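Participant: this one's structure only:
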């Protein structure tokens, strides 16, 4: 079995935040919206159905964790979730905090670019929030 390799497109457009039980958690370099990407750390995945049911459940738990943190720390009006993969085929999930005054509202954010410069310190802040959420999560 080959090792997990992150598609270079993710390395260029996002920053590493941490690891969940299944996925690498990344923050998109977007200066306007908070936009996470979850990339399951298994080689050769393209579609959700490529994950077994147990891993699909883990991915859903990670998605819920991201959503809960976005609801707690942003003033979002809506959370958008998508798994397009049209540009990067490696399985990944987008979780985006949207506001009614963001650059694309009410339309899709896909394919738009922020005019606000991304501040890399945001990645450190989100990394601490994820670590804190994991540390305080009740064990099963």
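Facilitator: Sure, I can see it. Model, not experiment: these values are computed from the prediction.

Participant: Let me know the helix or strand that residue 60 is in.
Facilitator: In this structure, residue 60 sits in helix 53-73 according to DSSP states H and E.

Participant: Who does whichever helix or strand comes after that helix pair with, and is each partner parallel or antiparallel?
Facilitator: Once the chain leaves helix 53-73, the next helix or strand it forms, by DSSP H and E, is strand 78-82. Strand 78-82 has the following strand partners under DSSP bridges: strand 93-98 (antiparallel).

Participant: picking up where we left off before, tell me what angle the helix holding residue 60 forms with strand 78-82.
Facilitator: Angle, helix 53-73 to strand 78-82, by axes from the mean of the first three to the mean of the last three CA atoms, to 10 degrees: 150 degrees.

Participant: what's the average pLDDT for helix 53-73?
Facilitator: Helix 53-73 shows a mean pLDDT of 97.

Participant: I'd say residue 26 and residue 36 touch.
Facilitator: Yes: assessed by CB atoms under 8 Å, residue 26 is found in contact with residue 36 at 6.8 Å. In short, each C-beta sits where N, CA and C put it, glycine included.

Participant: counting contacts, what elements does the helix holding residue 60 pack onto?
Facilitator: strand 23-28, strand 34-40, strand 78-82, strand 93-98, helix 121-136 (3 or more CB pairs under 8 Å, 6 or more residues apart in numbering; DSSP states H and E).
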